[in-house]
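J.: Dropping a prediction and its sequence here:
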Amino acid sequence: MNVLIDKLFEKVSAKKLNRIKYKVKRLKNINGLQHAVMVEVNDENSEILVAISVLKDKNKFRIL
């Protein structure tokens, strides 16, 4: 799973202007499930927590 760290992901949306780019900062284990702590490329202070299964869903995020 360390392959995901420092990868860039883009949130998929219908409008190209609203696509936000995220970078995986670290992995976290919550209740036996893997999650990724992600930060926006432009804003390093705000973090979001996303399940690994959501990152693999091509309708939600895509790898750059």
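T.: Now that the structure is in, tell me what you want to look at.
J.: wait, what's in contact with the spatially closest residue to Leu8 that is not a sequence neighbour?
T.: In space, and not counting its chain neighbours, Leu8 is closest to Leu64: 4.2 Å by CB to CB, 6 or more residues apart in numbering. C-beta: built from backbone N, CA, C; applies to glycine. Contact partners of Leu64, counting by CB atoms under 8 Å, 6 or more residues apart in numbering, are 7-10, 21.
J.: looking at it, Val39 is touching Lys23, isn't it?
T.: Yes: taking contacts as CB atoms under 8 Å, Val39 lies within contact range of Lys23: 5.8 Å.
J.: now the contacts of Leu64 in CSV, with distance to Lys28 and neighbour count?
T.: Formatted as CSV, the contacts of Leu64 follow (distance: CB to CB, whole Å; neighbours: other CB atoms under 10 Å):
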residue, distance to Lys28, neighbour count
Lys7, 16, 14
Leu8, 19, 13
Phe9, 16, 21
Glu10, 21, 14
Lys21, 21, 13
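J.: quick check, nearest of those to Leu49?
T.: The nearest member of the contacts of Leu64 to Leu49, counting by CB to CB, is Phe9 at 13.6 Å.
J.: The closest one and Gln34: what is the separation?
T.: Using CB to CB, to the nearest Å, Phe9 is found at 15 Å from Gln34.
J.: Strands along this protein, start to end?
T.: Using DSSP state E, the strands of the chain run over 8-11, 21-30, 33-40, 47-51, 61-63.
J.: export the ones you listed to TSV and tack on mean pLDDT?
T.: Output for the strands of the chain, formatted as TSV (pLDDT from 0 to 100):
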stretch	mean pLDDT
strand 8-11	90
strand 21-30	92
strand 33-40	92
strand 47-51	92
strand 61-63	88
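J.: Could you tell me the end-to-end distance of stretch 28-48?
T.: From its first residue to its last, stretch 28-48 covers 12 Å (CA to CA, to the nearest Å).
J.: Cool, thanks, signing off.
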